[in-house]
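Q: Got a sequence here, can you model it:
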Amino acid sequence: MKSKNKSISIEKAYDIIKRPITTEKSTNLQQYNQYSFVVSKDSNSFEIKHAIEMIFKVKVNKVNTSILRGKGKTFKGQYGFRKDTKRAIITLDEGNTIDSSVEIK
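A: Below you'll find the predicted structure:
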């Protein structure tokens with residue numbers, strides 16, 4: 001059984017959190033204290049929670065993740081697929097916010 005008390009380094013935290021999602025839908029979620037991020041495919045909810053808490057200095061209440069399968073596309077007559085991506089919707093505790101102007105390295 002894995003230990004849940006493992007901490008992660010700041011370098012690993014920046015590897016887990018790739019970039020924020022800035023769509024209309026994700027912007028509307030911010031009024032409910034929820035934020036969306038593209039995350040590493042091999043990360044789990046526990047690692048994502050600790051990475052967000054370490055990078056943004058906030059208290060995370062809940063982490064929901066989903067893997068989006070890449071769409072099939074045609075490019076110059078060749079058929080291929082876009083990459084699969086993993087998204088995380090982070091719910092913060094009351095009183096915590098993430099400044100949308102903060103850039104992830």
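Q: what kind of secondary structure is the most centrally placed residue in the chain in?
A: Central residue of the chain (CA atoms, centre = their mean): F37, 3.0 Å from the mean position. Three-state call for F37 (DSSP: H, G, I helix; E, B strand; the rest coil): strand.
Q: Show the residue spans covered by the helices in the protein.
A: 10-16, 24-29, 45-56 (DSSP state H).
Q: Excluding its own residues, what touches the last one? List them.
A: Applying CB atoms under 8 Å, 6 or more residues apart in numbering, the contact partners of helix 45-56 are 4, 7-8, 10, 12-14, 16-17, 37, 39, 43, 58-60, 63-65, 88, 90, 98, 102, 104. In short, each C-beta sits where N, CA and C put it, glycine included.
Q: and N61, how many neighbours does it have?
A: A count of nearby residues for N61, using other CB atoms under 10 Å, gives 14.
Q: With V58 instead?
A: If you count neighbours by other CB under 10 Å, V58 ends up with 18.
Q: what residues are up against the nearest residue to it once chain neighbours are set aside?
A: Among residues not flanking V58 along the chain, N96 sits closest, at 4.2 Å (CB to CB, 6 or more residues apart in numbering). The neighbours of N96, taking CB under 8 Å, 6+ apart as the test, are N33, V58, K59.
Q: In contact with the first one, which residues are there?
A: With CB under 8 Å, 6+ apart as the criterion, the residues that contact N33 are T91, L92, D93, E94, N96, T97.
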